[in-house]
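Undergrad: based on what follows, work out the 3D shape:
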Amino acid sequence: MSVKQSKFLRTIVFLFQLVIKRIQKIVIDAVPEGTILDIGGGGEGIIAQIGRERVTAVDKFQSEIDGAKQKAPEANWILADAQNLDFSDGHFDSATSFFSIMYMSNKVKKEVFKEIYRVISDEGEFWIWDASISKEKGVFLVKIKVILPDQTVVRTGYGVSSKIQTVNSIKEMLEEVGFNVEIIESNKQWYFMKAKK
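TA: Residues are numbered from 1 along each chain as shown. Got it, this is the predicted structure:
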């Protein structure tokens, strides 16, 4: 089988699994108060759709920003690598990440968490919605239906090469940086976590 055929087959399997997987329902009642730094905020722009002008969304891919900008033009959109943010210490009230850290290696996650800790206020919080992954081979997929505070429904899916990303591993990384994890809500394929500086 050629590389091209193999890639095509993986794409077909990905799409098939995405369609048949059970949809995970996520209801977002609120996002943090004040100014928000949203990590990996492109794509669907979920946090920007809720927080609008209070949100500065960073993403390292312009194509992701371009898609999300249309859904929340009031937000501030910045092309940047979250490992090295060009903001002063304590610049934002809080930070968020919606299904973004699943795409980062553990080394990158630690650097991103350090930067988030640096750029949020002393009383700041970091809210995370992300995937619980315990599959070492193949592809991990999750299809979600997000209900925003204004009852807007967003249907999307996320996929990544399999890895181990558990609630406990993320909690440990956050605590290593200095965060205090206050809330953890675990679901079958995803979790919500709230950490305080």
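Undergrad: tell me where this structure has strands.
TA: Here the chain has its strands, by DSSP state E, at 23-27, 36-39, 55-59, 76-79, 94-98, 125-131, 133-134, 139-147, 153-161, 164-165, 180-186, 190-196.
Undergrad: mean pLDDT lowest where, among those strands?
TA: Least confident of the strands of the chain, judged by mean pLDDT, is strand 133-134 with a mean of 87.
Undergrad: which other helices and strands does that strand contact?
TA: strand 164-165 (3 or more C-beta pairs under 8 Å, 6 or more residues apart in numbering; DSSP states H and E). Glycine gets a C-beta too; all of them are placed from N, C-alpha and C.
Undergrad: list the contacts for Glu176?
TA: Lys110 (C-beta atoms under 8 Å, 6 or more residues apart in numbering).
Undergrad: so how far is Lys60 from it?
TA: 23 Å (C-beta to C-beta, to the nearest Å).
Undergrad: and what of Asp150?
TA: In this view, Asp150 and Lys60 are 29 Å apart by C-beta to C-beta.
Undergrad: burial of Glu136, as a residue count?
TA: Using other C-beta atoms under 10 Å, Glu136 is surrounded by 9 other residues.
Undergrad: buried residues in stretch 84-98?
TA: Of all the residues in stretch 84-98, those buried under the rule 16 or more other C-beta atoms under 10 Å are 85, 87, 91-98.
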